[in-house]
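K.L.:
sequence first, predicted model second:
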Amino acid sequence: MSTYVLLGRYSADAIKGINAKRTRMAHDLATKYKGNLKSAYALCGKNDLLLITEFPGTSEALQFSVALTRQSGIGFSTSEAIPVDRFDQLMEKV
């Protein structure tokens, strides 16, 4: 499993739908795409949400991201997070 970070920004309509039910729906949706929503944070600043997830690969992470946007109205930017020790190993070969 790989770790993916999703940064979200609320639209005006998405703000109206803030509730615990939508948070549970996000957990269920991650499972549908063979992943896990490990943690979620509300942010103060440019982005409104930070989701830390695990998925088998980029395809599943992107499917989750788009499906979550469709269902919630929240726009997400999705990035793979590479553990620093793995990054260091990769950079030794450069």
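P.N.:
Yep, it's here.

K.L.:
for Tyr4, grab the count of nearby residues.
P.N.:
23 (other C-beta atoms under 10 Å). All C-beta spots, glycine's among them, are computed from the backbone N, C-alpha and C.

K.L.:
contacting residues for it?
P.N.:
Ile52, Thr53, Glu54, Phe55, Thr58, Ala61, Thr78, Ser79, Glu80, Ala81 (C-beta atoms under 8 Å, 6 or more residues apart in numbering).

K.L.:
the third one and Ser39, how far apart?
P.N.:
Look at Glu54 and Ser39: by C-beta to C-beta, to the nearest Å, they are 11 Å apart.

K.L.:
likewise for the second one?
P.N.:
From Thr53 over to Ser39 the distance is 9 Å, taken as C-beta to C-beta.

K.L.:
so those two - more neighbours on which side?
P.N.:
Thr53 (26 against 9).

K.L.:
buried ones in the lowest-mean-pLDDT helix or strand in the chain?
P.N.:
Least confident helix or strand of the chain, by mean pLDDT, DSSP states H and E, is helix 12-16 with a mean of 89. Buried residues in helix 12-16, counted by 16 or more other C-beta atoms under 10 Å: Ala14.

K.L.:
start at 329 instead
P.N.:
From this message on, residue numbering opens at 329, which makes the last subject helix 340-344.

K.L.:
put the alpha carbons of that helix into PDB.
P.N.:
Listed next in PDB are the C-alpha coordinates belonging to helix 340-344 (Å, rounded to 0.1, in the frame of the first residue of the first chain):
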ATOM      1  CA  ALA A 340     -19.700  27.300  -1.500                       C
ATOM      2  CA  ASP A 341     -22.100  24.400  -2.000                       C
ATOM      3  CA  ALA A 342     -19.700  22.000  -0.200                       C
ATOM      4  CA  ILE A 343     -19.700  24.200   2.900                       C
ATOM      5  CA  LYS A 344     -23.400  23.700   3.200                       C
END
